[in-house]
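In: Have a look; sequence and predicted model below, questions after that.
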Protein chains: 4
Amino acid sequence: MSDPQRPEERGAGAQDALGRSVDALLRVRYSETDQMGIVYHAHYLVWFEIGRTEWCRAAGLPYAGMEEAGMFIPVTRVTCSFRGRPRYDDAITVRTVMVELSRRGCEFGYEVFGPDGGLLAEGSTRHVFTDPTGRARSAPAEIVAGLKAFRDSGSD
Amino acid sequence: MSDPQRPEERGAGAQDALGRSVDALLRVRYSETDQMGIVYHAHYLVWFEIGRTEWCRAAGLPYAGMEEAGMFIPVTRVTCSFRGRPRYDDAITVRTVMVELSRRGCEFGYEVFGPDGGLLAEGSTRHVFTDPTGRARSAPAEIVAGLKAFRDSGSD
Amino acid sequence: MSDPQRPEERGAGAQDALGRSVDALLRVRYSETDQMGIVYHAHYLVWFEIGRTEWCRAAGLPYAGMEEAGMFIPVTRVTCSFRGRPRYDDAITVRTVMVELSRRGCEFGYEVFGPDGGLLAEGSTRHVFTDPTGRARSAPAEIVAGLKAFRDSGSD
Amino acid sequence: MSDPQRPEERGAGAQDALGRSVDALLRVRYSETDQMGIVYHAHYLVWFEIGRTEWCRAAGLPYAGMEEAGMFIPVTRVTCSFRGRPRYDDAITVRTVMVELSRRGCEFGYEVFGPDGGLLAEGSTRHVFTDPTGRARSAPAEIVAGLKAFRDSGSD
């Protein structure tokens, strides 16, 4: 892991039962620590957001573009289990998969790894597709198809 | 709700099957909004932290004092379901109960209400008791007794 | 300071050469600490935002309402000097004055005090009035008049 | 800028009157936006922190290591002028120089650039060297020498 802030897609081997995974790499910011000397737990949710941002980018459907087209993907439920104690400047990997997908919404799953590859946290976020005012709205069929194609890609 | 930033304990009526609840009142900060125009979801975890801080204070066992005595209570798991769209400067109520308690750890439950009393979110956090280095450690019996006495108080 | 999260206006004595000041009271959140065991410095800017929110509310011109009317007040410059080491759960007072005001923008000044009244920080923010797209725009005369009247109030 | 999250040192051309500069590259997180649709201003201070972290790493003196050796570098003063309106997912460059250095403290200067190279913000942070309790303490001569050597490197 020579280049810890470079988000990158994992190779074909990343495909598994949960579908194509994408890794985002980041470093723990000083601002993300708390007085226990470790990362304040709420920041994992921000890391999950970075994870799904990179997953969508890797899928060829950057989230910023989806919002510009009027499609929003707010979080409706989050879970996270914390298993490690990451510290300032640690190189972190966020591995993201898309667990569920329909025209109404989707669910992402996440694993967070530390510099030595140890599991720091795992969690999930559920989302609905909405218009800019927050009203539920079916995603365009071509976007769902694009996300699905990427999720299922990479296997032989 | 004439005074939305004042944390306060609810009256005796607050006691229910889950034990004594404590309300913390706050206002949505501009910094807590995102480009959807609503509160960014990770901030609810900070509000939960404020909720359990006020619960412990109401129990007569301020969390800052517990840390000074060498007892830390890190979060090991969080869940949150988001049901509303709070906006800047909204008056928010965080209602906190202690769902489980043992010498090894505890679980808090939370409901977040908006200015009109509507439910914005509900969630939970699980915690273990540790020493300053993060090693699991049984809580002193008198602290567990104090928390339990408060949790069970207020009923007839 | 029996009620540290209640924002409140100071009495008439608060009027001075810089004009009417308004105090906002808050408690340090756990999330605001860092691994030095004190408040991470960027959070003071959030506290300044709370300070000017309460100043505008006390002036009878809540900022949320100004935005709904299409008038935005982004920050164009900030300065802050840090003189103390506030800790988790400390009761904090943010004292805000309006230093300058014209139809094009304004400047606020801030002093931040700790539980014992010691000065923790002082700073300033400059703002321009804009439309929702960020274009400079003169503030309506009645709003400028209202802010000015409040700033100059309280003196004999 | 094909790889926006990779922090990297600029080439020899970066040396100028202010000394060696180091660029950190990042992307705007969704969590960093506010309801104006742009980056909330306090996050620039976090970006400055990333900038000086990468400057110290490039100098061969990672800040995490300095803290482990008992030397802390808290911020005593910050200034920032905001000139742009960065948006979610924008690729951002933070260019950092060390403006002043003595055994008692130092000052960093920052320029923040957007995806098209436009200046988004410029600012500065002053620091003192302290022990873990916050008491002023002269920096070890070899650390000051190392920082100074890097600052002055790259010129002909």
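Out: Thanks, I have it. Numbers count the residues shown, from 1 in each chain, chains lettered A, B, ... in the order given.
In: does residue A:49 count as helix, strand or coil?
Out: helix (DSSP: H, G, I helix; E, B strand; the rest coil).
In: Test my guess that residue A:150 contacts residue A:97.
Out: No. Residue A:150 is not in contact with residue A:97 according to Cβ atoms under 8 Å; the separation is 11.0 Å. C-betas here are computed from N, CA, C, even on glycine.
In: which residues are common contacts for those two?
Out: Residues touching both residue A:150 and residue A:97 (Cβ atoms under 8 Å, 6 or more residues apart in numbering or on different chains) are residue A:20.
In: Neighbour count for these two, which is higher?
Out: residue A:97 (23 against 19; other Cβ atoms under 10 Å in any protein chain shown).
In: my guess is residue A:119 contacts residue A:95, does it?
Out: No. Proximity of residue A:119 to residue A:95 does not meet the contact threshold set by Cβ under 8 Å, at 9.8 Å.
In: Excluding chain neighbours, give the residue nearest to the residue lying farthest from the centre of chain A in space.
Out: Farthest-out residue of chain A from its mean C-alpha position, per Cα atoms, centre = their mean: residue A:35, at 26.8 Å. Leaving aside its sequence neighbours, residue A:35 sits nearest to residue C:33 (Cβ to Cβ, 6 or more residues apart in numbering or on different chains; 4.0 Å).
In: and that neighbour, how many neighbours does it have?
Out: What residue C:33 shows, counting by other Cβ under 10 Å, is a neighbour count of 22.
In: what residues does chain A put near chain C?
Out: A:30, A:31, A:33, A:34, A:35, A:36, A:37, A:38, A:40, A:42, A:87, A:88 (Cβ under 8 Å from any Cβ of the partner chain).
In: Name the helix or strand of chain A that has the lowest mean pLDDT.
Out: Within chain A, confidence by mean pLDDT, DSSP states H and E is lowest for strand A:8-9 among all helices and strands, at a mean of 44.
In: For chain A, which segments are assigned as strands?
Out: Assigned by DSSP state E, the strands in chain A fall at A:8-9, A:22-27, A:75-82, A:91-101, A:105-113, A:119-128.
In: and the fourth one, what does it pack onto?
Out: Under the contact definition 3 or more Cβ pairs under 8 Å, 6 or more residues apart in numbering or on different chains; DSSP states H and E, strand A:91-101 sits against strand A:22-27, helix A:43-58, strand A:105-113, strand A:119-128, helix A:141-151.
In: could you check whether the shortest one is close to chain B?
Out: In other words, strand A:22-27. No. For strand A:22-27, no contact with chain B is found by Cβ under 8 Å from any Cβ; the gap never falls below 15.1 Å.
In: In its sheet, which strands sit next to that strand, and in what direction?
Out: Here strand A:22-27 has these sheet partners by DSSP bridges: strand A:8-9 (antiparallel), strand A:91-101 (antiparallel).
In: quick one: average pLDDT of the last one?
Out: Spelled out, it's strand A:91-101. For strand A:91-101, mean pLDDT rounds to 97.
In: Pull out the buried residues from that strand.
Out: If you call a residue buried by 16 or more other Cβ atoms under 10 Å in any protein chain shown, then strand A:91-101 has these buried ones: A:91, A:92, A:93, A:94, A:95, A:96, A:97, A:98, A:99, A:101.
In: Cool, thanks, signing off.
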